[in-house]
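**Q** the following comprises the amino acid sequence and a computationally predicted model.
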Amino acid sequence: MCKIISSNELWDNMKNVFSPNNQRARGAISLDKQYGDVKINYFSTGNGITYSSFLANFDEDTILQGSSHSDMSFLCFNTGSSVCMEDQKYKEQIKFDSNICWSGKQNKEHKSQGLYCKDKQYRSQYITFDNNLFDNIMHQQPQTNETTPIFQNDAFLINFHTNISIKQTTLLNDLRNISMLTDKLQELYLESKVLDLIYTTINETPTNPNQNKNKNQIYLSTKDIECLQKAKNILIENMTNPPSLKELSRKSALNEFKLKKGFKQLFGNTVYGLLQEYRLNEAKKLLESNELNINEASTLVGYKSGSHFSKIFKEHFGINPIEIRHQQKSYYYN
């Protein structure tokens with residue numbers, strides 16, 4: 001049986017957290033432990049934009065009832081578990097998937113409820129806007145002017161949803177960490193990150209924002225990205241004796257398909273293409289140090305054949321490794 005937390009118990013106490021029309025302020029809220037572990041950090045710029053982060057882990061299956069206290073536009077970034085939201089008036093449901101950014105509007109009449117399962121990690125971040133400000137921003141972006149809403153009723157609208165990019169992920173992580181600090185200088189840094197996230201999100205919106213930019217891209221969750229980073233680290237740490245794709249797949253807890261496709265999507269290179277690029281860059285540094293000859297440098301980064309190393313070095317850098325050595329010697333003697 002679900003625990004129900006009414007809007008009177010919860011959201012009425014936090015209406016200023018999400019309102020974009022507050023005066024400049026920041027703060028943190030931890031809800032009663034009877035709900036589980038729920039933390040909210042917020043920052044209002046005072047000029048029509050408010051940022052907030054929501055981190056929750058519930059002890060029981062929980063229904064959160066929510067109500068809006070003002071008309072607003074929003075960007076929502078869900079990096080935790082998926083949440084199913086239901087419009088209380090129309091009984092329409094929409095699922096907020098993980099690693100997705102949503103853009104939309106809601107008015108002060110909107111009421112909803114979300115289902116949160118126990119022992120799952122819920123993590124989302126919001127940027128709310130004064131409607132006039134948001135409309136002015138969006139009207140200057142030609143790629144968003146002719147979009148068809150993917151969900152709409154008279155109190156709630158979703159314009160588009162897209163996968164959260166790597167740059168957005170970095171900014172969201174920075175914001176979540178910075179928002180817990182209280183230093184005034186950090187407050188200015190926090191504001192700059194909020195504005196950077198807004199610019200990045202709107203600027204990256206594809207021509208048809210209800211579709212992926214690249215149909216060949218696959219969905220990468222936050223966990224997938226962590227596993228791909230782990231795979232990259234394993235490759236680099238073992239560059240002289242790299243694992244096979246099958247072994248790397250097992251060590252990074254990814255199937256081979258997601259390992260290969262995800263690697264190309266995240267790092268812009270294939271698994272062994274990235275390894276070769278790293279090896280060559282390391283070899284170039286060794287040669288520039290003027291301490292090792294070509295055979296020694298190529299062996300240290302994992303190449304068994306000096307001639308093969310010289311060939312791919314020239315293809316990659318446009319210069320033979322022997323020329324690097326000559327340049328360094330010339331510099332040394334002069």
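**A** Received, thanks. All values derive from a computational prediction rather than experimental measurement.
**Q** how close does the closest residue to Asp97 other than its chain neighbours sit to Lys232?
**A** Nearest residue to Asp97, sequence neighbours excluded (CB to CB, 6 or more residues apart in numbering): Ser82, at 5.0 Å. Every C-beta, even on glycine, is put in place using the N, C-alpha and C of the backbone. The spacing between Ser82 and Lys232, counted by CB to CB, to the nearest Å, is 27 Å.
**Q** which one of these two has more residues nearby?
**A** Using other CB atoms under 10 Å as the criterion, Ser82 and Lys232 rank with Lys232 on top: 20 against 14.
**Q** these two touch, right, that one and Leu274?
**A** Yes. Using CB atoms under 8 Å, Lys232 is in contact with Leu274, at 6.9 Å.
**Q** Leu55: what's it in contact with?
**A** Contact partners of Leu55, counting by CB atoms under 8 Å, 6 or more residues apart in numbering, are Asp37, Val38, Lys39, Ile40, Gly80, Tyr122, Arg123, Arg176.
**Q** so which helix or strand takes in the fourth one?
**A** The one in question is Ile40. strand 36-44 (DSSP states H and E).
**Q** cool, the fifth one as well?
**A** Assigning secondary structure by DSSP H and E places Gly80 outside every helix and strand.
**Q** my guess is it meets Tyr116, correct?
**A** No. Using CB under 8 Å, Gly80 is not in contact with Tyr116, being 10.0 Å away.
**Q** give me the common contacts of the two.
**A** Tyr122.
**Q** which non-adjacent residue is nearest the residue most central in space within the chain?
**A** In the chain, the centroid-proximal residue (CA atoms, centre = their mean) is Thr169; its distance is 1.8 Å. Closest residue in space to Thr169, ignoring its immediate chain neighbours: Ile225 at 6.9 Å, by CB to CB, 6+ apart.
**Q** assign a three-state SS to that neighbour, would you?
**A** helix (DSSP: H, G, I helix; E, B strand; the rest coil).
**Q** any idea how far Ser30 is from it?
**A** For Ile225 relative to Ser30 (CB to CB), the value is 28 Å.
**Q** quickly list what's touching both of Lys232 and Leu274.
**A** Phe263, Phe267.
**Q** in the stretch 1-150 of the chain, where is pLDDT below threshold?
**A** 1, 7-17, 32, 142-148 (pLDDT under 70).
**Q** how about the strands of it, start to end?
**A** Along the stretch 1-150 of the chain, counting by DSSP state E, counting those that start in this stretch, strands occupy 3-5, 25-30, 36-44, 49-58, 62-67, 72-78, 83-87, 93-96, 100-106, 111-116, 122-129.
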